[in-house]
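[1] Provided below for reference: sequence and predicted model.
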Amino acid sequence: MTDDLDEIGKLTKVKLKNLDKCFYPDAGVTKAHVIEYYVTLAPKILPIVKDRPLVLTRYPDGIKDAQLGKTSFFEKNAPGGTPAWVKLYPIYSPTSKRDVNYILCNDLDTLIWLANLAALEIHMPFSTIHEINKPDLLFFDVDPEPPATLDDAAEVALQLKDKLLALGLTPFIKTSGKKGLHVVIPIEPEHSFEATRAFVHQIGIELAKNSDLIVSEFKDTKKPGKVFTDYLQNSPMRTMVIPYSLRPTPEATVSTPLEWSEVQKGLNPTDYTLFSVSKRTSNPWKEIFSKRCKLEI
Amino acid sequence: MEQQEENLEQDQEKTSASAPSRSIWSGSITIGLVNVPVKLFSMIYDKGVSFHFLHKTDGQPLKYVKMCTKDDKIVPWNEVVRGYEVAKNEYITFEKAELDAVRPESDKRIRVSKFVDYFSVDPIYFDRTYALLPDKSKDAYTLLLNALQKTNKAGACRITLRTKEYPALLHPYKGALVLTTLRYAYDVVDPRDFEKLGKLEEPQKAELDLAVKIVKDLSGEFDITEFKDSYMEKVQELVKQKAKGEKITVTQTPEVEVKGLMVALRETLKQLEKK
């Protein structure tokens, strides 16, 4: 064990602490498991989060009682003690009237450092620092309201896919890790968030016209049994959980990129957990940034 | 030397701690125009168990160094300033000299402002007790001690110890004057401010009668010597055994498995290198 730790010390700059701490009591997941998980998935995660200012949800004591909000917190500003080698990107915050130093995760050590901070959940915006106000992703949050289920969300996502393909766009999909699905489309960063938000909203409106299941307006989100295609996150520094982010669920579920062929009835978010996802060999979002579409608005 | 050994013998029997030989402060109790010269001695020990950290491989003591959290470099003292956190991660800095300039200096006085009933002071405020012994002349000291014993009063006073000013209570204890420093009112929480406590319901009479009966049945005299620090005793027993060279088996908590992490790290580094 100490030999292994010495070896680990040679492979990463991060000083790992409290590796035996239990993060997911029901699933028996320790901090060591979480770091191992993010290390394993790093080759799939790093190309997608590159140059995106990240927002963290940290669970220093694991997810026990996490719903109380007392044992977890959002973090945008790099915390005190951030090592010098972690890349930061300042964005002026009008509400707190100062620069917020966002963390960029462009290398393995930074990802390990985030895991070591107990940042179980990592969120990313829909633009990069190169064009921070011009989104390079369109985002549909397909969100079923009970009794609507993930099956209903899958049905809506498939309709959405057909619609997007017909427009010449290439959609990618992942589970949210909770009850919904996330559909994103890589685009050339040349429009404003206002424009992409309106575009995503319009698609939702058109889908809702032909479906009793789908609602496109925020005011209808709590209607039981409906699926909302949420467009509102398409805004500056609004975020989604990154692909392969862990979620604070008892099973340690993961927001998992899927092949479209996997999107079908019987889809179960709890099938995609820290343990099962680290064994998945497929990489459905591998080509995401080589397939950028030019969005004609 | 002989004297010391005798003291050690006595300690085995005694339940109290041994008296220190050096005072930590000297000055006067002042009551109006009257001065009573005294020396202040520690009366409270924080025993417990303490260990030194040693380097496992060569047994050498370890020292603490101040390290910069940004580059992990050791920072020399002349590069250290004090930071007062005004908001999360925002500090106002001070040099040591700036703070020393505003520190209160001990004026060598225990200033009694009035005499109060000792039992009227809530023990929650009691902080630390020191023994006061007469300095030079015993007359004034004896007079004050007797007067307080006769009236059952305690002197409410102020004292500056090192660089901090404390409220304190001057009172007789087992034939001597002692000084108990007090906590400030703003350092103590009012339990009514715990939201979790909420409003408590009146209990049922029958239930209360039973509870009162249990309390009465278990009532007795308080004896502090009934309480022992069992952890300290066990450690001292272990120390004795170790000193004699006895082998001690420790039941360990299972160690965390990090082999998977190491393997994953190697594999990922290999994959990332390829790109």
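    Good, I have the coordinates.
[2] B:Ala101 sits in which helix or strand?
    Using DSSP states H and E, B:Ala101 maps to helix B:96-102.
[3] What mean pLDDT does that helix get?
    Helix B:96-102 shows a mean pLDDT of 81 in the predicted model.
[4] tell me how far it is from the chain's mean position?
    Taking C-alpha atoms, centre = their mean, to the nearest Å, the mean C-alpha location of helix B:96-102 is offset from the chain mean by 25 Å.
[5] Which SSE is immediately downstream of it?
    Where DSSP H and E defines the elements, the next helix or strand beyond helix B:96-102 is strand B:109-117.
[6] Show me which positions of that next one end up buried.
    By neighbour count with 16 or more other C-beta atoms under 10 Å in any protein chain shown, strand B:109-117 contains the buried residues B:Ile110, B:Arg111, B:Val112, B:Phe115. From N, CA and C alone the C-beta is placed, and that goes for glycine too.
[7] what residues does the stretch 151-275 of chain B put near chain A?
    Residues of the stretch 151-275 of chain B lying close to chain A by C-beta under 8 Å from any C-beta of the partner chain are B:255-262, B:264-269, B:271-272, B:275.
[8] sorry, back to before: list of residues touching the helix holding B:Ala101?
    B:Arg82 (C-beta atoms under 8 Å, 6 or more residues apart in numbering or on different chains).
[9] Please apply the same query to stretch B:165-183.
    Taking C-beta under 8 Å, 6+ apart as the rule, stretch B:165-183 contacts B:29, B:38, B:40, B:43, B:104, B:110, B:112, B:116, B:118, B:121, B:124-133, B:141, B:144-145, B:148-149, B:154-161, B:184.
[10] give me that answer again for 6 Å
    For stretch B:165-183, contacts defined as C-beta atoms under 6 Å, 6 or more residues apart in numbering or on different chains pick out B:104, B:118, B:121, B:125-132, B:145, B:148-149, B:154-155, B:157, B:159.
[11] Give me the buried subset of these.
    Among the contacts of stretch B:165-183, the ones that count as buried by 16+ other C-beta under 10 Å are B:118, B:121, B:125, B:128-132, B:145, B:148, B:154-155, B:157, B:159.
[12] Show me what residue of chain A gets nearest to chain B.
    Residue nearest to chain B within chain A (C-beta to the nearest C-beta): A:Asp20, separated by 3.6 Å.
[13] Let me know the secondary structure of the nearest residue in space to A:Gly180 that is not next to it in sequence.
    Leaving aside its sequence neighbours, A:Gly180 sits nearest to A:Asp143 (C-beta to C-beta, 6 or more residues apart in numbering or on different chains; 4.4 Å). Here A:Asp143 is recorded as strand under DSSP: H, G, I helix; E, B strand; the rest coil.
[14] My guess is A:Asp143 contacts A:Thr229. True?
    No: at 7.9 Å, A:Asp143 does not count as touching A:Thr229 under the criterion of C-beta atoms under 6 Å.
[15] before we move on, what SS does the residue lying closest to A:Asp136 once chain neighbours are set aside have?
    Using C-beta to C-beta, 6+ apart and skipping residues adjacent in sequence, the residue nearest A:Asp136 is A:Pro189, 4.2 Å away. Put simply, A:Pro189 is coil when judged by three-state DSSP.
[16] My understanding was that A:Pro189 contacts A:Leu138; is that so?
    No: checked against C-beta under 6 Å, the pair A:Pro189 and A:Leu138 is beyond contact range at 11.3 Å.
[17] Of the two, give the one with the bigger neighbour count.
    Shown here are A:Pro189 and A:Leu138; by other C-beta atoms under 10 Å in any protein chain shown, A:Leu138 has more neighbours (24 against 19).
[18] Pretty sure that one sits in a helix.
    No: per three-state DSSP, A:Leu138 lies outside any helix segment and is strand.
[19] are any of the residues of the stretch 151-275 of chain B next to chain A buried, and which?
    Applying 16+ other C-beta under 10 Å to these flags B:Val256, B:Val258, B:Gly260, B:Leu261, B:Met262, B:Ala264, B:Leu265, B:Thr268 as buried.
[20] Strands of the chain, start to end?
    All of this is about chain A. Remark: strands assigned in chain A by DSSP state E are A:22-24, A:29-30, A:55-58, A:73-75, A:88-93, A:98-103, A:121-125, A:137-144, A:172-175, A:181-186, A:214-215, A:227-230, A:239-241, A:257-258.
[21] I was after chain B.
    Secondary structure of chain B (DSSP E): strands located at B:25-31, B:34-42, B:82-87, B:90-94, B:109-117, B:126-134, B:153-161, B:164-173, B:176-182.
[22] Relative to A:Lys219, which of these is closest?
    Between A:Lys219 and the strands of chain B, the tightest spacing by C-beta to C-beta is seen for strand B:82-87, at 37.3 Å.
[23] what does that closest one contact?
    In this structure, residues lying in contact with strand B:82-87 by C-beta under 6 Å, 6+ apart are B:Tyr91, B:Ile92, B:Thr93, B:Phe94.
[24] Now do that strand and strand A:98-103, the angle between them.
    Between strand B:82-87 and strand A:98-103, the angle comes out at 100 degrees (axes from the mean of the first three to the mean of the last three C-alpha atoms, to 10 degrees).
[25] Any buried residues in strand B:82-87, and which?
    Residues of strand B:82-87 classed as buried: none (neighbour count, 16+ other C-beta under 10 Å).
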